[in-house]
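In: let me see the structure of the following:
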Amino acid sequence: MLMKGRSIVACAMSNAQGVDLNTASAEQLKSIGGLGPEEVRRILAGRPFKGWDDLRKVKGLGDILVDNLRRAGARLDSRH
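Out: Take a look at the predicted model:
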């Protein structure tokens, strides 16, 4: 059963809680539901991200996926 206000995608991304997308290893990124090998490669190649809008510019990551990552607790704390 889903909690009120949470989508299936957000629930699948529960492994995103606390993961800093600017410093996470490939293995940490792969553990996040919704991210496949190509998305992980593109995130690694596109770092550092100054904000969520920078992450939205990564090919293959759309607004919905980025919003779900943010809502699931992923972070962009280690900005350079």
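
In: most centrally placed residue in the protein?
Out: residue 69 (4.1 Å; CA atoms, centre = their mean).

In: okay, now the closest residue to that one other than its chain neighbours: neighbour count?
Out: Distance criterion CB to CB, 6 or more residues apart in numbering; nearest residue to residue 69, sequence neighbours excluded, is residue 16 at 5.5 Å. Using the backbone N, CA and C atoms, a C-beta is placed for each residue, glycine as well. Number of residues near residue 16 (other CB atoms under 10 Å) recorded here: 25.

In: who's in contact with residue 16?
Out: 32, 69, 72-74 (CB atoms under 8 Å, 6 or more residues apart in numbering).

In: closest one of those to residue 52?
Out: residue 69 (8.5 Å; CB to CB).

In: report pLDDT for the residue nearest to residue 69.
Out: pLDDT for residue 16: 94.

In: go on, residue 23?
Out: So, for residue 23, pLDDT stands at 97.

In: doesn't it lie inside a helix?
Out: No - Residue 23 is assigned coil when assessed by DSSP: H, G, I helix; E, B strand; the rest coil, not a helix.
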